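Asks: Give the three-dimensional model of this entry:
(chains A and B)
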Amino acid sequence: MPGLGSLRNNTLVAEFFSQYMWSWAAYLLTGLIHCALLIQVGAVGALFFIWAERKVSGRIQDRLGPTRVGGMFGWLQSLADGIKLITKEDLMPDGADGLLFRIAPYISFCASFAALMALPFSDGWVAIPINTGVFFILAVLGLEVFGVILGGYASASKWSLFGAMREAAQVVSYEVPLGMCVVVPVLITGTMDLVQIGTFQEGWFTNWLILHDPFTFIIFWVYFTCALASVNRAPFDLAEAESELVAGFHTEYSGIRWSYFFMAEYGSMFAVSGLATILFFGGWNGPVPITGWLGLTHETGPIAGYIGNFLGLVNFVGKTSLFVIVMIWVRWTLPRLRIDQVMKMCLKFCVPIAAVMFLGATFWQRQFPGGVLLKTSYGDRYVVTEADTAAPAKSKDSAKPAAKTAGEASPGQPSADKTASVSHRVTKGS
Amino acid sequence: MATDLGDPRIIEFDVRTDEMLVNMGPQHPSTHGVLRLVLRTDGEIVSEVTPHIGYLHRCAEKIGENLTPRQYIPYTDRMDYLAGMNMNLGWALTVEKLLKLELPEKAKHLRVIIAEMGRIASHLVGMGAYGLDLGSFSPFLYAFREREKILDLFEKACGARLTYSYLTVGGATHDLPPGWLQECEDFLTQLLPIIEEYHALLTTNAIFVRRTAAIGIMSAEQAIGYGTSGPVLRGSGVDWDLRRDGEERYTELYDGYAFEVIVQKNGHYPNDHKYPAVPGVAVLGDCWHRFYVRMLEVMQSIDIVRQAIDRYSRASGTHGIPVKLNEKLPKGEVYLETEAPRGQMGFYLVSDGTSIPWRVRARSSCFSNLCVTHELCRGCLIADVPAIVGSLDIVMGEIDR
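Replies: Just a heads-up that it's a prediction; the model follows:
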C-alpha cells in the first residue's frame, strides 16, 4: 500500500534504490537524501526566519527592515549576512578551552537539527518515523542546552558563564511543564507517534486538539509559554540578555561559530512551533478538509496522494511559520523577565497549571471519550475492536500495525468500554 | 614544609570563593556610554557595586578657562549631549548673571519653548533607553521617532541637530523662523496620543512593572543626602524643582506659567486622573516612580511649551542680541543652577576682569545621581543593575565633563 503507513516510507525509498545497488548502499543513500533535504529545511528555514525577524521587527518598530539586498524586500539579506559571517575571522579568547569552545556550537546546532528529523512535515513525510516522536523531539531539543553550557563555560568569560548558568537553570526547569503539556495530546490520541497524532486530527478544524476540550485549549498556551522559555526567546531570553550580560553565552563567539548558535536558535524555534502545530493545530490538516473533497489522498492514487501531501506540507509550514512569527512579535513587544521571575513563573504557574490541565484532560477523556464538539466524527474514530476488548492488557504495539484501509466503514459503534477506547485508532476492516 | 592555614599570607585563606568580581563596562551595552561598574556578585546576587567614571573626561572645565563665555557655549552642548539646549541655557544664564544682563520678554519665552522642548527630547531618550535596559527594544525606536521631530524643529531654528549652541549669552543666535511655532504646535498635538502608547508598552506593562516596582528604592532622606536632583529626587517624593524653587534669574523665565511640580503628594501625582494609575506594588522612590515622573514631566512640558508659544507670539522685543564674542566680564564670581532634564545643572564662574573667565566649574546633576548606585544596588540581582542605573538616566558626558 504505497505511501500509507508512515513507517514504510523510508523502507520504500530504500527498497526502490536497492533494485539498482547493494542494499546497504541503498539505505545509506536514503539516509543521505533525507539528511540533505533536512539540512535544506534547517538552513533555508533559518535564513527565512532571520529575514522574517528583520522584516517583522522592522514593521513593528516603524521601520522598513531590509529593502535592498536581492531586489525586493531584501529577501537575500540573511544570505548576505551568512557570507559576512563565514568570511569573518574565527576568534577564540586566550583563556578559552579550545576543544569545548569549538565543539559547543555544533552540539547546539546538531540538537536542534536532529529534532527536525522526527518532525513530520506532512502525512508520512518524516525523515525517521519514530513511534515515540514526541519524546524524541523533547529529548533532543533538551540537548541544545549542552552546547550553550559548554560554550558559556569554555569561553573563559564571566558574562558567558552567567549566560550559561541561566540557560541551564531555565531550560531544565521549563522542560518539566513542557513535558506535562505535551503529554496531554499524547493522552488523548493514545500514541506518541507524531504522524498518528496528526492523522487523528483529520477533517475539519474542529477536530484539532486545541478545540478538543477546554483543558487542551488552556494547555496550548502553557505549552507556548514554556516553548518560548525553552528555546530562549524573549521575554525569556535571559541567557543572551544583551542589556545585562552583553551577549550572554555567545559573548565570545564570532563568525561562523556564532552563526551556528544563531541557526540552532531558529531551528529549535521551528521545531517547537512544528510540535505545537502537530500536537494542537492539526498538523498538516487544513482547517477545511479540501484534500478529502478533491480526492487528493493515497486511496485515489499515488500522484493524488503526493499532491495532497504537498498541500499538507504547505499547511504545516504555514501554521508553523505563524507560530514563529508570533514568537518574533512577542520578542519585539515585551520587556525581559528577571531570572527569579522566570523561575517563579515556571514553578508557580506553568507547572501547577499544566498539572491541573493534565488531570482535567484525563477526567474529560473519561467522561466524554468521544469528544464534545462534532461527536459523531469522533465517534467514528473510537472503535474498539473485539481484539481490544478481549485483551485490554495487550500493549499498544498490537494496535499500531493496523493501518487504515479503504474498507467499509462501520459507523461509530459506541464503545462499550469508554476508558479503554480512547487510546486506539481506527482498526476497521482489519 | 608545614603549612599554617591560619597564616594570613596564604592568599587562598581569605579569598571568598563564592564571590566573583565582574566588570560591567565601560564597553557594556547598557551602561549608557562609558560608565564602568564593578560588581561583586555571588551568583546572580550583587553584593556591591562600585561605579568608576572618567572615561569621557574632556577637560571641559579647563577649556572654559581659555575661552570667552560665548566661545564656550559649544562645549556646554557636549556635556549633556542629549539636552544640549538646556546646557546652553544654564551657561548663558550664569554669564548673564555676572554681566547683570536683562533680556527682553520675547527672548525669555523663546528660551522657555526651547528648554522645554529639549526636556521632552531628553526624557524621550531616557524613556526609550530605559525600555532597552529592560530588554524591550521597540519603545526605544518609537521614542527616537518622536525625538527626530523635535530635532527637525531645532534644526530649523538653529541648523544643528545635536550640538545646538543656540541659546547663548544675551539671548539666542537667531529668532525662530516663520511657521516654526505652528509646526511646534502640530508636533505637540500629535505627540500627546503617542504618550499613551508608551504608557501601554512600558508604564503599565505587567513585566515592566514587575521589573521596576519596588526595585532600587531610594528614600527621600537618601535622595537629599546624596544631593540627587531632577526626576530622581522627585521620584523619591521630594517636592523640589528649580523652575519654581530656583534663583530669581532662572525662575523669572517661568513667571506666570501654570505648572505644578511633578511629585507624589499624599499618594497622588498632580492631575493623575489623566494618567495610568500607580500600580499597587510600586513604592515611592523605586525605579518605576522615577520613570513615571519623567513620563509626566513630558506631559507637563508639552503644556508649558503651549503656554510659551502663546506668550512668545504676543510678546514684544527681540529674541535677544548675543553679546560680543569677547565681551569683557566684570570682576566677580557667580554660581547658578538650572533645572536641566536630568537634574540641577550648575555653572560656576570666577572672573578677574578680562573677557576670559579665570575659573569655570560645572556641577553635574548626573554625578550626584550616580553616587546613589552603590546604595540602591546592594543585594539586588544582576538584571536589576541596568534597571536601577537606567532609572537614574545618566549621561556620561555630563558626569565626566
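Asks: which residue does chain A bring closest to chain B?
Replies: Per C-beta to the nearest C-beta, A:Arg336 is where chain A lies closest to chain B, at 2.8 Å. To be clear about C-beta, it is placed using only N, CA and C from the backbone, and glycine gets the same treatment.
Asks: Could you count how many residues lie near residue 32?
Replies: In the absence of a named chain, this looks at chain A. Neighbours of A:Leu32 under the rule other C-beta atoms under 10 Å in any protein chain shown: 10.
Asks: You answered for a different chain; I wanted chain B.
Replies: Per other C-beta under 10 Å, the neighbour tally for B:His32 reads 26.
Asks: hang on, the earlier thing: residues touching the residue of chain A closest to chain B, list them.
Replies: A:234-238, A:241, A:243, B:134-136, B:207, B:211, B:383 (C-beta atoms under 8 Å, 6 or more residues apart in numbering or on different chains).
Asks: hmm, try it at 6 Å
Replies: Neighbouring residues of A:Arg336 by C-beta atoms under 6 Å, 6 or more residues apart in numbering or on different chains: A:235, A:241, B:135.
Asks: Now the phi/psi pair for the residue nearest to the first one when sequence neighbours are not counted, please.
Replies: When the adjacent residues along the chain are set aside, A:Pro235 lies closest to A:Leu334, with 4.4 Å between them (C-beta to C-beta, 6 or more residues apart in numbering or on different chains). According to degrees, to the nearest 10, the main-chain angles of A:Leu334 amount to phi -100, psi 150.
Asks: and B:Thr168, what are its bridge partners?
Replies: Counting by DSSP bridges, B:Thr168 is bridged to B:Gly171.
Asks: Go ahead and confirm it touches B:Val323.
Replies: No. Assessed by C-beta atoms under 6 Å, B:Thr168 is found out of contact with B:Val323, at 8.2 Å.
Asks: Would you mind telling me which of these two has more residues around it?
Replies: Set side by side, B:Thr168 and B:Val323 show more neighbours around B:Thr168, with 25 against 22, by other C-beta under 10 Å.
Asks: Among the contacts of A:Arg336, find me the one that's closest to A:Val186.
Replies: Nearest to A:Val186, judged by C-beta to C-beta, of those is A:Pro235 at 28.1 Å.
Asks: Make sure the closest one is indeed in a helix.
Replies: No. Counting by DSSP: H, G, I helix; E, B strand; the rest coil, A:Pro235 falls outside a helix, being coil.
Asks: residues contacting it?
Replies: With C-beta under 6 Å, 6+ apart, A:Pro235 has these contacts: A:334, A:336-337, B:207.
Asks: any chance of these in JSON lines, plus distance to B:Ala223, secondary structure and pLDDT?
Replies: As requested, those are exported to JSON lines (distance: C-beta to C-beta, whole Å; DSSP: H, G, I helix; E, B strand; the rest coil; pLDDT from 0 to 100):
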{"residue": "A:Leu334", "distance to B:Ala223": "31", "secondary structure": "coil", "pLDDT": "88"}
{"residue": "A:Arg336", "distance to B:Ala223": "28", "secondary structure": "coil", "pLDDT": "88"}
{"residue": "A:Leu337", "distance to B:Ala223": "28", "secondary structure": "coil", "pLDDT": "87"}
{"residue": "B:Ile207", "distance to B:Ala223": "27", "secondary structure": "helix", "pLDDT": "89"}
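Asks: PyMOL command for the buried members of the residues you listed?
Replies: Burial among those is assessed by 16 or more other C-beta atoms under 10 Å in any protein chain shown; the matching PyMOL selection reads:
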select buried, (chain A and resi 334+336+337) or (chain B and resi 207)
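Asks: before we move on, the earlier item: closest to A:Ala118 among the contacts of A:Arg336?
Replies: A:Pro235 (28.5 Å).
Asks: interface residues of the stretch 101-250 of chain A facing chain B?
Replies: A:158, A:235, A:242-244 (C-beta under 6 Å from any C-beta of the partner chain).
Asks: any idea which helix or strand carries residue 58?
Replies: Let's take chain A. Element membership for A:Gly58, per DSSP states H and E: helix A:23-60.
Asks: Please refer instead to chain B.
Replies: Applying DSSP H and E, one finds B:Arg58 in no helix or strand.
Asks: Can you give me the neighbour number for it?
Replies: Taking other C-beta under 10 Å as the criterion, the count of residues near B:Arg58 is 13.
Asks: ok, now B:Ser355?
Replies: Using other C-beta under 10 Å: B:Ser355 sits among 17 other residues.
Asks: List phi and psi for the residue nearest to it when sequence neighbours are not counted.
Replies: Nearest residue to B:Ser355 in three dimensions, chain neighbours excluded: B:Asn326, at 4.5 Å (C-beta to C-beta, 6+ apart). Phi and psi for B:Asn326, reported as degrees, to the nearest 10, are phi -110, psi 40.
Asks: Quick check, B:Asn326 in contact with B:Thr354.
Replies: No. Judged on C-beta under 6 Å, B:Asn326 makes no contact with B:Thr354 at a distance of 9.3 Å.
Asks: Let me see the contact set for B:Ile150.
Replies: B:117, B:121.
Asks: mind running it again at 7 Å?
Replies: Contact partners of B:Ile150, counting by C-beta atoms under 7 Å, 6 or more residues apart in numbering or on different chains, are B:117, B:120-121.
Asks: Show the average pLDDT along the strand or helix carrying it.
Replies: Under the criterion of DSSP H and E, B:Ile150 resides in helix B:138-158. In this model, helix B:138-158 has a mean pLDDT of 90.
Asks: ok now it, how far from the chain's centre?
Replies: Relative to the centre of its chain, helix B:138-158 is centred 17 Å away, using C-alpha atoms, centre = their mean, to the nearest Å.
Asks: Give the rounded mean pLDDT of stretch B:364-378.
Replies: Taken as a whole, stretch B:364-378 has a mean pLDDT of 88.
Asks: CA atoms only: put it into PDB for me.
Replies: Extracted C-alpha coordinates of stretch B:364-378, given in PDB (Å, rounded to 0.1, in the frame of the first residue of the first chain):
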ATOM      1  CA  SER B 364      26.800  67.900  37.300                       C
ATOM      2  CA  SER B 365      23.400  66.500  38.200                       C
ATOM      3  CA  CYS B 366      24.100  63.000  36.900                       C
ATOM      4  CA  PHE B 367      27.200  62.800  39.000                       C
ATOM      5  CA  SER B 368      25.200  63.200  42.200                       C
ATOM      6  CA  ASN B 369      22.500  60.900  40.900                       C
ATOM      7  CA  LEU B 370      25.000  58.200  40.100                       C
ATOM      8  CA  CYS B 371      26.500  58.400  43.600                       C
ATOM      9  CA  VAL B 372      23.500  56.600  44.900                       C
ATOM     10  CA  THR B 373      24.100  53.500  42.800                       C
ATOM     11  CA  HIS B 374      26.000  51.600  45.400                       C
ATOM     12  CA  GLU B 375      23.200  52.100  47.900                       C
ATOM     13  CA  LEU B 376      20.500  51.100  45.600                       C
ATOM     14  CA  CYS B 377      22.200  48.100  44.100                       C
ATOM     15  CA  ARG B 378      23.100  46.500  47.300                       C
END
